[in-house]
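*Asks:* Sequence and predicted structure are below.
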Amino acid sequence: MIRMELGKNSYNIELERGNLNRVSELLNLDRKVMIITDEGVPIQYAEKIAKQSKEAYIKVVPQGEGSKSLQTAEEILTDMLKYQFSRKDCVVAVGGGVVGDLGGFVASLYMRGVDFYNIPTTLLAQVDSSIGGKTAVNLAGIKNIIGAFYQPKAVLIDPDTLDTLPERQLVNGLFEAIKMGATNDKELFDLFLNDEWKDNLDLIIEKALLVKKYVVEQDEKESHLRKILNFGHTIGHGFESAAHGRYLHGECVALGMLYMSSEEVQEQLCEIYENLGFELPEFYSFNLEEVKEAILHDKKASNSNCSVVYVSEIGKGSIEEWPMEAVLERLEF
């Protein structure tokens, strides 16, 4: 168990194989429970939680970023109203980052906030998005532009759920752990420099969580230090917007990290990508104008400047303010 220390918003991160079988021991489900999952998640996960709840309702949303919308949030809120959820009831997200962001967003809104539990079933969500309290939906093609900081009451991580993931989804999640290592933990980063990462998966999850725990505890609302977790995201989100679903979030972050690194770090990143069997998307497969437009709308941008994370040496990322022109120029190298 890892404890996120945030004063009155503190909570436990339960990391153990088989956790899903004893959810009722770890979470307070003796009440109405709105379980949010998506079509890509094995339904037995949600059903297992429902069976351990006093009164459960399962909402299955379409898979993909399209579900992170005000329309989908409204549908769930309407269901909660229909089933007479009170402020004493809760929301449980079961799935990847999309479901986690959506579930936390809905929980933050209903009756000005009900308890929220996050049960991530993808590696990307387990190492990153499931903790820290960022919730959001997309609007007008801009990723995560509407949201709130709303901490969960607990996070339950069962690495056994990764057994059903396709290889591509597994590798997709590793890129967020690589980000943690590149910016904050060289030992974590070095775990990827050979072909034995699968044997160290539980350790990778734990070390990535410890990095994010430390950063969030120092800067819950992202006033400065927490921005270090955005390594690869400013340019990566631009590529993701322009990819129109052809590439996954982690894959676009992997590409974005290369553009904000020294040559030495780029070489090490490329070595890891090769070990993971990841072929970098071809630059010409993106519409450069769409990429730039998405970067210009990035929420980390302010006027003509943008907060970026640059890594010149593994384990030592730095947060810097760059003119937007300098960020866009990185696309040309």
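*Replies:* Here it is on my side, so go on.
*Asks:* Quickly run through the sheet partners of the helix or strand harbouring I145, with directions.
*Replies:* Secondary-structure element containing I145, defined by DSSP states H and E: strand 142-149. Here strand 142-149 has these sheet partners by DSSP bridges: strand 134-139 (antiparallel).
*Asks:* buried ones in the partner strand?
*Replies:* Using 16 or more other C-beta atoms under 10 Å as the test for burial, strand 134-139 gives K134, T135, A136, V137, N138. Backbone N, C-alpha and C define where each C-beta goes, glycine included.
*Asks:* contacting residues for the last one?
*Replies:* Just to be clear, that refers to N138. E65, K68, S69, N144, I145, I146 (C-beta atoms under 8 Å, 6 or more residues apart in numbering).
*Asks:* And the residue lying closest to V137 once chain neighbours are set aside, how far from Q84?
*Replies:* Spatial nearest neighbour of V137, excluding adjacent residues (C-beta to C-beta, 6 or more residues apart in numbering): K68 at 4.6 Å. From K68 over to Q84 the distance is 26 Å, taken as C-beta to C-beta, to the nearest Å.
*Asks:* same check, this time on K207
*Replies:* From K207 over to Q84 the distance is 43 Å, taken as C-beta to C-beta.
*Asks:* again, but for T234
*Replies:* To Q84, T234 is 43 Å away according to C-beta to C-beta.
*Asks:* Which one's more surrounded, the two?
*Replies:* T234 (25 against 8; other C-beta atoms under 10 Å).
*Asks:* mind checking the SS state of F278?
*Replies:* Judged by DSSP: H, G, I helix; E, B strand; the rest coil, the three-state class of F278 is coil.
*Asks:* Sticking with the nearest residue to it once chain neighbours are set aside, tell me its helix or strand.
*Replies:* Leaving aside its sequence neighbours, F278 sits nearest to V171 (C-beta to C-beta, 6+ apart; 5.8 Å). Secondary structure from DSSP H and E places V171 in helix 167-184.
*Asks:* List the buried residues of that helix.
*Replies:* Under 16+ other C-beta under 10 Å, the buried positions of helix 167-184 are 169-184.
*Asks:* and if you look at stretch 41-57?
*Replies:* Within stretch 41-57, the residues that count as buried by 16+ other C-beta under 10 Å are V41, Y45, A46, I49, A50, Q52, S53, A56, Y57.
*Asks:* Regarding the fifth one, what are the backbone dihedral angles?
*Replies:* What it means is A50. As for A50, its main-chain torsions (degrees, to the nearest 10) stand at phi -60, psi -40.
*Asks:* how about the closest residue to it other than its chain neighbours, secondary structure?
*Replies:* Of all residues not flanking A50 in the chain, A56 sits nearest, at 3.7 Å (C-beta to C-beta, 6+ apart). Counting by three-state DSSP, the backbone at A56 sits in strand.
*Asks:* does A56 really touch T37, like I thought?
*Replies:* No. Judged on C-beta atoms under 8 Å, A56 makes no contact with T37 at a distance of 11.6 Å.
*Asks:* quick one: the strands in the chain?
*Replies:* 2-4, 11-15, 32-38, 55-61, 90-95, 115-120, 134-139, 142-149, 154-157, 301-302, 305-313, 316-323 (DSSP state E).
*Asks:* Could you give the number of residues near the closest residue to I76 other than its chain neighbours?
*Replies:* Excluding the flanking residues, the one nearest I76 by C-beta to C-beta, 6+ apart is V106, at 5.0 Å. Using other C-beta under 10 Å, V106 has 27 other residues around it.
*Asks:* Could you find the residue nearest the spatial middle of this protein?
*Replies:* When C-alpha atoms, centre = their mean is applied to the chain, the residue found nearest the centroid is S129 (2.7 Å).
*Asks:* The nearest residue to that residue once chain neighbours are set aside and D190: what is the separation?
*Replies:* Distances taken as C-beta to C-beta, 6+ apart place G97 nearest to S129, at 4.0 Å, with adjacent residues excluded. According to C-beta to C-beta, G97 stands 26 Å off from D190.
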